[in-house]
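Student: need coordinates for the following:
(one chain, ligands or ions: 1)
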Amino acid sequence: MIPPIASRFVGGESAPEAIERGRALADRGVGTILNLLGEHYNERAPADEDAETYLELIEDVAASDARACISVKPSQIGLDVGADEGERPTERGREVFEENLGRIVEAGDNHDVFVWIDMEDHPTTDATLDAFERFTTGYDGGVGVCVQANLRRTREDLERLADLPGKVRLVKGAYDEPADIAIQEKAEVDQRYRELLEYAFEHFESGVAVGSHDPEMIDLAKDLHAEYGTDFEFQMLMGVREDAQFDLAGEYEVWQYVPYGGKWLSYFYRRVMERKENLVFALRAILGR
Ligand code: FAD
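Tutor: Okay, the predicted model is just below:
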């Protein structure tokens, strides 16, 4: 069982628990982005197993009252296959990833469940964007991808993505990357986020997802929407600024990212390491204060 201290950030160990959370969020006007926890499989078998679990999840979501989509990590469904032997991703990894992603996108299309692709560390960016391009074009925009404002390449990537159907989620970036690849200063990442968000609102017709809890970026997105009229949504993590999520949902489209599954411990650890106050929030939730 997930201990109460972690259950602030994790939707449960099983799909039914996570879908039940999605149903409760729907009652409050918030959509759910379901993510089965798991990543970096070097072998094919666990990657195939998680892909199968996503196929079942899509069917379960379609049969439920939750307003839910899914978000998958490339290295969870095959991109790191063979990576223990040297450089990553390998050709084999790309093949397995695209094969599994293709099955997931097909099932999503059949059951009307939108599929997001998370973005992982920089060696995976090209393979992730290539797969996004292939499937969002093949499925008429039924796929979304995440891009990271801290990467120096992202402005160019957005120019490429602007011509494609499908949605793009802009985040600041969660991975420690080398200085030649990514901006290191937080203030500079924030500034880049603002510029990229404006570019996305100006050029993207198929929708922008603002993946941030930052009140400044949220206000900027509202202003940009007023200026450009672009379709957009806010996306935030389970357990982070939930009051703000419910407030925003009164006026805007809001989706909550809900991770679930047996591998919750490392996810919870990451949330606490990135912001120590998260531990205090979790403790307060337990103590009821
Ligand atoms: P920060 O820059 O961390 O903080 C800015 C301000 O936001 C703070 O000053 C505070 O006012 C507020 N805030 C932030 N966190 C909290 C908190 N815990 N409690 C209260 N206030 C807070 N990264 C990837 O690299 N790849 C992905 O695929 C990816 N997917 C994501 C999906 C979603 C839906 C979200 C929300 C994030 C995702 N991220 C992903 C993580 C992202 O890159 C950032 O690391 C993370 O969102 C923190 O940046 P921020 O913009 O939210 O706020």
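Student: check which residues of stretch 49-66 are buried.
Tutor: Within stretch 49-66, the residues scored as buried using 16 or more other CB atoms under 10 Å are Asp50, Ala51, Thr53, Tyr54, Leu55, Leu57, Ile58, Asp60, Val61, Ser64, Ala66. (Glycine included, C-beta is placed from N, CA and C.)
Student: residue numbers of this protein in contact with the ligand?
Tutor: Applying CB under 6 Å from any ligand atom, we find that the chain lies next to the ligand at 118-119, 146, 148, 171-175, 211-215, 235-237, 240-241, 257, 275, 278.
Student: going through these, which ones are buried?
Tutor: 118-119, 146, 148, 171-173, 211-213, 235-237, 240-241, 257, 278.
Student: how close does Val210 sit to Glu87?
Tutor: Using CB to CB, to the nearest Å, one gets 34 Å for the distance from Val210 to Glu87.
Student: I meant Met236, not that one.
Tutor: Computed as CB to CB, the Met236 to Glu87 distance reads 35 Å.
Student: assess the claim that Val145 and Thr125 are in contact.
Tutor: No. In this structure, Val145 is not within contact of Thr125 by CB atoms under 8 Å, at 10.1 Å.
Student: of Val210 and Glu87, who's got more company?
Tutor: The residue with the greater number of neighbours, taking Val210 and Glu87 and applying other CB atoms under 10 Å, is Val210; the counts read 27 against 8.
Student: helix or strand for that one, which one?
Tutor: With the criterion set as DSSP states H and E, the secondary-structure element containing Val210 is strand 208-211.
Student: just the CA coordinates of the next helix or strand along the chain from that strand, formatted as PDB?
Tutor: Toward the C-terminus, strand 208-211 is succeeded by helix 215-228 as the next helix or strand (DSSP H and E). Once non-C-alpha atoms are left out, helix 215-228 reads as follows in PDB (Å, rounded to 0.1, in the frame of the first residue of the first chain):
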ATOM      1  CA  PRO A 215       1.800  31.700 -11.300                       C
ATOM      2  CA  GLU A 216       3.800  34.000 -13.500                       C
ATOM      3  CA  MET A 217       3.600  31.600 -16.500                       C
ATOM      4  CA  ILE A 218      -0.100  30.900 -15.800                       C
ATOM      5  CA  ASP A 219      -0.900  34.700 -16.000                       C
ATOM      6  CA  LEU A 220       1.200  35.000 -19.100                       C
ATOM      7  CA  ALA A 221      -0.700  32.200 -20.800                       C
ATOM      8  CA  LYS A 222      -4.000  33.900 -20.000                       C
ATOM      9  CA  ASP A 223      -2.700  37.100 -21.600                       C
ATOM     10  CA  LEU A 224      -1.400  35.300 -24.600                       C
ATOM     11  CA  HIS A 225      -4.700  33.500 -25.100                       C
ATOM     12  CA  ALA A 226      -6.500  36.900 -24.900                       C
ATOM     13  CA  GLU A 227      -4.100  38.200 -27.500                       C
ATOM     14  CA  TYR A 228      -3.900  35.300 -30.000                       C
END
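Student: if you count contacts, what does the helix or strand just after helix 215-228 end up packed against?
Tutor: Sequence-wise, the next helix or strand downstream of helix 215-228 (DSSP H and E) is strand 232-237. Strand 232-237 is packed against strand 208-211, helix 215-228, helix 242-249, strand 254-260, with contacts defined by 3 or more CB pairs under 8 Å, 6 or more residues apart in numbering; DSSP states H and E.
Student: tell me which of those sits most buried.
Tutor: When neighbours are counted by mean count of other CB atoms under 10 Å, the highest per-stretch mean among the helices and strands packed on strand 232-237 falls to strand 208-211, a mean of 26.
Student: that strand pairs with which strands?
Tutor: Sheet pairing for strand 208-211, assigned by DSSP bridges, gives strand 167-171 (parallel), strand 232-237 (parallel).
Student: any stretches of the protein with poor pLDDT?
Tutor: Confidence mapping of the chain against pLDDT under 70 gives the ranges 279-280, 282-289.
Student: where do the helices sit along it?
Tutor: Secondary structure of the chain, counting by DSSP state H: helices at 4-7, 15-27, 44-62, 91-111, 125-138, 154-161, 186-203, 215-228, 242-249, 264-274, 277-287.
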